[in-house]
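1. What follows is a predicted protein model with its sequence.
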Amino acid sequence: MRRFAFWSFYHRVLSIELSTFADRLQAVEGRIQQAVTRSGRKRSDIKLVVVSKKFSAEHIGEAYDAGLRDFGENYVQEFAGKRAALGDLQGAQFHLIGHLQSNKARIACELFDVIQTVDSVKLLQTLEKAAQESGKQLEILLEIKLSGEVSKTGAQPEQIVELIMAAPRCSQLKLSGLMTMPPWSENAELSRPFFRRLSELGRQYGLPQLSMGMSGDFEVAIEEGATMIRIGTALFGPRTKAPKSESPSGLS
């Protein structure tokens with residue numbers, strides 16, 4: 001079984017490398033449509049966030065030309081280095097989906113439209129101050145840690161109330177939902193309990209946006225209520241290792 005899983009994964013990666021971006025996008029859209037059909041939902045219910053970390057501004061431009069408008073980056077410093085090369089992409093929104101340290105909140109506020117990884121009241125307040133100074137409105141999501149992995153970041157479910165109570169005092173921030181990342185596995189079904197739990201928390205606290213699901217498990221995430229899916233490898237192919245200086249949270 002393990003050998004079969006390895007070769008199945010290998011052939012998926014190989015097919016990604018040999019196809020064009022248009023082919024890969026068509027394949028992803030086909031998978032999305034099948035998932036929304038199975039779950040009785042509509043394609044318009046799902047926002048596709050293209051994870052462009054470790055890929056160039058040219059890759060982002062290619063995705064933009066293909067009609068995609070939401071882009072996710074993990075590393076503040078990396079994105080800062082390629083933002084100028086992107087020019088003014090009308091209608092594009094940039095999401096930070098990696099762990100954000102408070103000392104990078106100011107530059108993150110300048111670079112991004114959506115911060116998906118707010119995990120403390122301190123970070124919430126720091127972002128509010130930065131947004132006030134820049135006169136910018138930011139959409140935020142709360143990153144919730146649902147696994148016991150030490151390497152994962154995020155607030156505990158019991159901290160959601162504290163964060164929700166603090167959010168209305170932040171006039172420049174709009175809290176719209178929750179985000180999570182389950183333990184990585186080649187078996188998408190192993191992600192389902194984590195996605196289901198996030199959906200339950202979203203309903204419990206009245207937070208409609210749910211960012212969950214990546215290249216290998218986004219169909220399951222859609223079936224469990226995802227409104228945002230974060231897709232990188234299935235669109236751009238394999239990437240090089242992440243830089244050691246910043247957290248790997250939010251891989252896709």
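-> Nice, thanks for sending it over.

2. pLDDT weak spots in the protein?
-> Regions of the chain meeting the criterion pLDDT under 70 cover residues 1-18, 240-252.

3. now the strands: where do they sit in it?
-> Listed in chain order, the strands of the chain (DSSP state E) span residues 47-51, 70-73, 93-96, 114-118, 138-143, 173-179, 209-211, 228-231.

4. now these as TSV including mean neighbour count and distance to Pro193?
-> For the C-beta atoms, the positions are set from N, CA and C on the backbone; glycine is no exception. Formatted as TSV, these follow (neighbours: other C-beta atoms under 10 Å; distance: least, C-beta to C-beta, whole Å):
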stretch	mean neighbour count	distance to Pro193
strand 47-51	23	23
strand 70-73	24	24
strand 93-96	22	25
strand 114-118	26	21
strand 138-143	24	18
strand 173-179	21	15
strand 209-211	24	15
strand 228-231	26	18
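
5. Save the ones you listed as a markdown table, and put in distance to Gln159 too.
-> As requested, those are arranged in a markdown table below (distance: least, C-beta to C-beta, whole Å):
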| stretch | distance to Gln159 |
| --- | --- |
| strand 47-51 | 24 |
| strand 70-73 | 23 |
| strand 93-96 | 20 |
| strand 114-118 | 11 |
| strand 138-143 | 8 |
| strand 173-179 | 12 |
| strand 209-211 | 17 |
| strand 228-231 | 21 |
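
6. between the ones you listed, which one is nearest to Ala63?
-> Evaluated with C-beta to C-beta, the strands of the chain place strand 47-51 nearest to Ala63, the distance being 5.0 Å.

7. In CSV, list the C-alpha atoms belonging to that closest one.
-> Output for strand 47-51, consisting of C-alpha atoms alone and laid out as CSV, is shown next (Å, rounded to 0.1, in the frame of the first residue of the first chain):
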residue,chain,number,x,y,z
LYS,A,47,-12.5,31.3,-3.6
LEU,A,48,-9.3,29.8,-5.2
VAL,A,49,-6.2,31.3,-3.5
VAL,A,50,-3.2,30.6,-5.6
VAL,A,51,-0.2,30.0,-3.4
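
8. what lines up beside it in the sheet?
-> strand 70-73 (parallel), strand 228-231 (parallel) (DSSP bridges).

9. That strand relative to strand 114-118, how many degrees between them?
-> Strand 47-51 and strand 114-118 meet at an angle of 80 degrees, taking axes from the mean of the first three to the mean of the last three C-alpha atoms, to 10 degrees as the criterion.

10. Touching strand 47-51 from outside, list them.
-> Contacting residues not belonging to strand 47-51 are listed as 28, 32, 60, 63, 68, 70-74, 95, 97, 211, 214, 227-232, 235-236, 250, 252 [C-beta atoms under 8 Å, 6 or more residues apart in numbering].

11. re the thing from before, do you know which of the strands of the chain lies nearest Gly40?
-> With distances scored as C-beta to C-beta, the stretch of those nearest to Gly40 is strand 209-211 (16.4 Å).

12. so how far is that closest one from its chain's centroid?
-> For strand 209-211, the separation from the chain centroid amounts to 9 Å (computed by C-alpha atoms, centre = their mean, to the nearest Å).

13. same thing with stretch 180-198?
-> Distance of stretch 180-198 from its chain centroid, counting by C-alpha atoms, centre = their mean, is 14 Å.

14. ok, now stretch 55-62?
-> In terms of C-alpha atoms, centre = their mean, the gap separating the centre of stretch 55-62 from the centre of its chain is 17 Å.

15. list the buried ones in that stretch?
-> Using 16 or more other C-beta atoms under 10 Å as the test for burial, stretch 55-62 gives Phe55, Ala57, His59, Ile60, Glu62.
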